[in-house]
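K.L.:
coords please:
(2 chains)
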Amino acid sequence: MSKALPKRSENYSEWYNEIIKRADLAENSAVRGCMVIKPYGYAIWEKMQRALDDMFKATGHVNAYFPLFVPKSFLEKEEEHAEGFAKECAVVTHYRLKANPEGGLMVDPNAKLEEELIIRPTSEAIIWNTYKNWIQSWRDLPLLINQWANVVRWEMRTRLFLRTAEFLWQEGHTAHATREEAVEETERMLGVYADFAENWMAVPVIQGVKTPSERFAGAEETYCIEALMQDGKALQAGTSHFLGQNFAKSFDVQFVNKENQLEYAWATSWGVSTRLMGALIMAHSDDQGLVLPPKLAPIQVVIIPIYRSPEDLATISEKVDPIIAELKAAGISVKYDDSDNQRSGWKFAEYELKGVPIRLALGMRDLEAGTVEVARRDTLTKESMPLEKIVETLTSLLDEIQTNIYDKALKFREANTFAVDSWEDFKSQIEQGGFVSAHWDGTPETEETIKQQTKATIRCIPLDAVEESGKCVFSGNPSSKRVIFAKAY
RNA sequence: CGGGGCAUAGCACAGCCUGGUAGUGCGCUCGCUUUGGGAGCGAGAGGUCGCAAGUUCGAAUCCUGCUGCCCCGACCA
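P.N.:
A predicted model of the protein is given here:
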């Protein structure tokens, strides 16, 4: 194993792949396009899940689980939805194997399914088919359900975490009595995602709405959060859809309103996936390895003893044990690495690679002086601190690191967001990367032409876009606000 | 689906052109010395060379077919 990671500046995508492997987050599996999420990577995902799940519960949602298989006829019902996903569906056609006379196994041709089952690329179809039976009256609404699940989208080209054929996510599916309530829900959950991205992942995001061409298949409006990665490319980190009455009509979900009239229910759906792991990695990490925000780090503090003899180690451990207990009591996850199969220098490098926010090194010299060496992963600085009140010190240091990582990412985004007003500037800026804020005439034709010529897409129309009269950067036609363009993952 | 690359020990690779019975580094095991930024020395263990068929006295190496993975494009969260 070579020691140094590839440099971000030299080969960003190689750096990304290597950091995932070396930090033990995930690896490619024997199955094309599918990854194995390893324990350390999964621990981060679990922390994400926990935080998000708490936020969903706090906004009134409950969890449930719907089937992996969607009958083809269900998927067909909402036309746009069906069309949008048709090209990337895995299909189950048989339900049995049998011994192959030539050895091994073969699909039993006598076990063909009457109707093919689609492995869910998303669950609107199966869920709205179910909601039909659950919703009769306005009193049954709103129905606020989330599920944690895996989905499959047969992508032509995959990348660890960013785009895999199978991925893990949560999908919220809600039903409401009024359009206003559903829109409100859509926006509320977008806010939850933005809150999570910024306050847990320490990744600043732009909240906005997608243009019609970038909309979710079957949605009336798609909201999104967009983050900027260190290589200047945008990453869609979460989406929230206002589905109107499209699915209610396709699956005939009607309820009796307060006026005793039949009405179609209003729908939303919203999701974030293991793609967030990719965002987390690419937003903060450096050439030494992963940089994790304390709130999502599986190990927040690692303690490494520096010793020569087993007696020294015993002395150090005796001093460390109560500190570990105190840290744990304070809710800080701590690892004491007293393994003797690696030297301290190796451990320093290893925990840096894994993004552990704080490292304590404690040797005999420290014991005599009553100090400990405290090293920060985010700044790569270290200093000697008194052991006294170390728990208080670390608690506030973790907060400081969380804030610092966010500030750093925010500064990066600000330094890489450019307002541009001419086509020439637009082209050269897009080439260099970053968010480009420019006027757009609102037509799909212009959007498509820009995409063809520059590979940049409209990431979103920011919710907080200021009204200003301007001219479309491409066509020169009038425009009332700027939109965000970027090359995207 | 197009274009390229790769498949040899747990990992990273060399060997292939020019066929002769398997090699390097890391890791692993044991021992000694080390230990405040990826330790040193010594001794060991570990491989039906992706699969199948072919050429040959002999194939990791040459030929044919297959499979899988990675990278680059088109499509997408």
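
K.L.:
quick one, helices of the stretch 51-200 of chain A?
P.N.:
Under the criterion DSSP state H, counting those that start in this stretch, helices of the stretch 51-200 of chain A are mapped to A:72-76, A:79-86, A:124-134, A:179-199.

K.L.:
can you list contacts of the shortest one?
P.N.:
Residues outside helix A:72-76 that contact it (Cβ atoms under 8 Å, 6 or more residues apart in numbering) are A:81, A:82, A:85, A:89, A:91, A:115, A:116, A:117, A:118, A:125, A:126, A:129. Heads up, the C-betas are built off the backbone N, CA and C, glycines and all.

K.L.:
ok, the residue nearest to the fifth one when sequence neighbours are not counted to residue A:89 distance?
P.N.:
If you skip the residues right next to it in sequence, residue A:91 has residue A:116 as its closest partner in space, 5.1 Å away by Cβ to Cβ, 6 or more residues apart in numbering. Summarising the geometry, the distance separating residue A:116 from residue A:89, computed by Cβ to Cβ, to the nearest Å, is 9 Å.

K.L.:
how about residue A:134?
P.N.:
Applying Cβ to Cβ, the value for residue A:134 to residue A:89 is 26 Å.

K.L.:
for residue A:17, same thing?
P.N.:
Taking Cβ to Cβ, one finds residue A:17 at 27 Å from residue A:89.

K.L.:
show me which of these two is the more surrounded one.
P.N.:
Taking neighbours as other Cβ atoms under 10 Å, residue A:17 and residue A:89 compare with residue A:89 leading, 18 against 15.

K.L.:
list the contacts of that one.
P.N.:
Listed by Cβ under 8 Å, 6+ apart, the contact set of residue A:89 reads A:75, A:118, A:119, A:121, A:152, A:153, A:154.

K.L.:
so what's the first one closest to, chain neighbours aside?
P.N.:
By that I understand residue A:75. Residue A:75's closest residue in space is residue A:125 (Cβ to Cβ, 6+ apart), at 4.9 Å.

K.L.:
same check, this time on the last one
P.N.:
Computed as Cβ to Cβ, 6+ apart, the closest residue to residue A:154 that is not its neighbour in sequence is residue A:88, at 4.5 Å.

K.L.:
same question, residue A:361
P.N.:
Residue A:361's closest residue in space is residue A:373 (Cβ to Cβ, 6+ apart), at 4.2 Å.

K.L.:
which ones are touching that neighbour?
P.N.:
Neighbour list for residue A:373: A:360, A:361, A:362, A:366, A:382, A:383, A:384, A:385 [criterion: Cβ under 8 Å, 6+ apart].

K.L.:
likewise for residue A:24?
P.N.:
Counting by Cβ under 8 Å, 6+ apart, residue A:24 has contacts A:38, A:39, A:40, A:41, A:354.

K.L.:
mean neighbour count, the helices of the stretch 51-200 of chain A: which tops it?
P.N.:
Highest mean neighbour count of the helices of the stretch 51-200 of chain A: helix A:124-134, a mean of 21 (counted as mean count of other Cβ atoms under 10 Å).

K.L.:
helices and strands around the helix or strand of chain A with the lowest mean pLDDT, which ones?
P.N.:
In chain A, no helix or strand scores lower on mean pLDDT, DSSP states H and E than strand A:105-107, which sits at a mean of 79. If contacts are counted by 3 or more Cβ pairs under 8 Å, 6 or more residues apart in numbering; DSSP states H and E, strand A:105-107 sits against strand A:97-99.
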